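In: need a structure here:
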Amino acid sequence: MPYRSGPGQRAMAGKRVRIVMMSDTHEQHRRVDVPDGDLLIHAGDFTYFNRSSHAVQDFDDWLHALPHRHKVLVPGNHESCFGSPQWRDQITGAVVLVDSGIELAGLKIWGARVTPEGAGAIGNETDERCGAALSQIPKGTDVLITHGPPFGILDLARGIPQGSRKLLGALRHIKPRLHVFGHIHAGYGTARSRGTIFVNAALAGPGYSITKGPITVSFAPTDKIERRNRNEHNGP
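Out: Numbers count the residues shown, from 1 in each chain. The predicted structure follows:
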């Protein structure tokens, strides 16, 4: 089975699930006003270039203190050390997905390491490696988490698209209901295309300060997604 089963499946069966999404907190996580929800997703770059194991421990302590029943994250390009399972094992307050999946709250969730080439670290995948990672994503995935965006969707930096064309192509076949990512700080917001809700949840602004809030969606396994964006200036 491509998805391992997480806790709380029966308890959440048939209930609406509120998902809280963030990315690119860069060691400023304690400055984030985190709304309540059932599932917390962090799409990477929770450190600032892996400056210390203390920063990872503080992030994990913060995760443990949050009330969300389920927590999932993928490493970003700043988490270069997370190519090693020994570093990934330091996170015990959330499920760390690296080209792997889990079923939580009735949702099939997959985390793939996809960040545009040149960004550095664990997510700095060549086209060949990116293609291999994307080929592992099972059809029927409800929620896909990557650090980097797909090409042309919430990926503009200084007016230039930064996303992955291979990821965009894979999405057309996988057709997840929700795709969560970050990396491009200026692309923060939401969009909808071909039945998928896209969320760029990057919270960092100038100087890596936190200038935005987490984005939430709510849905049951058979329902359409209802979006809620905490900042009124956000995308559609």
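In: rest of the way, CA atoms for contacts and neighbours
Out: Noted.
In: quick one: the host helix or strand of Asp61 to chain centroid distance?
Out: Using DSSP states H and E, Asp61 sits in helix 53-65. When C-alpha coordinates are averaged (C-alpha atoms, centre = their mean, to the nearest Å), helix 53-65 and its chain have centres 18 Å apart.
In: geometric centre of the protein: which residue is closest?
Out: Centroid-nearest residue in the chain: Ala43, 2.7 Å away (criterion: C-alpha atoms, centre = their mean).
In: that one and His26 touch, don't they?
Out: No: with contact defined as C-alpha atoms under 8 Å, Ala43 does not reach His26; the gap is 11.5 Å.
In: give me the contact list for stretch 188-207.
Out: Under the criterion C-alpha atoms under 8 Å, 6 or more residues apart in numbering, residues 21-26, 43, 149, 153-154, 175-187, 210-215, 225, 234-236 lie in contact with stretch 188-207.
In: just the pLDDT for Trp87.
Out: Reported pLDDT at Trp87 in the predicted model: 84.
In: I should have written Ala133 there, sorry.
Out: For Ala133, pLDDT reads 83.
In: use 6 as the first number from now on
Out: Yes, from this point I'll number from 6; that puts the last item at Ala138.
In: helices or strands up against the helix or strand hosting it?
Out: Element membership for Ala138, per DSSP H and E: helix 132-140. In this structure, helix 132-140 packs against helix 170-179, with contacts taken as 3 or more C-alpha pairs under 8 Å, 6 or more residues apart in numbering; DSSP states H and E.
In: ok, whichever helix or strand comes after the helix it packs on: who's next to it in the sheet?
Out: Sequence order places strand 183-186 as the next helix or strand after helix 170-179, per DSSP H and E. Taking DSSP bridges as the criterion, strand 183-186 forms sheet pairs with strand 148-150 (parallel), strand 201-205 (parallel).
In: and the next helix or strand after the helix holding Asp66, how far from the chain's centre?
Out: The helix or strand immediately downstream of helix 58-70 is strand 75-78, counting by DSSP H and E. Remark: strand 75-78 is offset 9 Å from the chain centroid, using C-alpha atoms, centre = their mean.
In: what packs against strand 75-78?
Out: Using 3+ C-alpha pairs under 8 Å, 6+ apart: strand 75-78 touches strand 44-47, strand 100-101.
In: flag every buried residue along the following helix or strand past that strand.
Out: Downstream of strand 75-78, the next assigned helix or strand under DSSP H and E is helix 90-93. Neighbour-count burial for helix 90-93 flags Arg93 (criterion: 16 or more other C-alpha atoms under 10 Å).
In: can I get the CA coordinates of helix 90-93 in PDB?
Out: Written as PDB, here are the backbone C-alpha positions of helix 90-93 (Å, rounded to 0.1, in the frame of the first residue of the first chain):
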ATOM      1  CA  PRO A  90      16.700  10.000   8.000                       C
ATOM      2  CA  GLN A  91      18.600  10.800  11.300                       C
ATOM      3  CA  TRP A  92      17.600  14.500  10.900                       C
ATOM      4  CA  ARG A  93      14.100  13.700   9.900                       C
END
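In: pull the distance from that helix to the chain's centre.
Out: Counting by C-alpha atoms, centre = their mean, helix 90-93 comes out at 18 Å from the chain centroid.
In: same question, stretch 85-92
Out: Using C-alpha atoms, centre = their mean, the offset of stretch 85-92 from its chain centre is 18 Å.
In: again, but for stretch 178-193
Out: 8 Å.
In: of the helices and strands packed on strand 75-78, which is nearest Thr120?
Out: For Thr120, the closest of the helices and strands packed on strand 75-78 is strand 44-47, at 14.7 Å, according to C-alpha to C-alpha.
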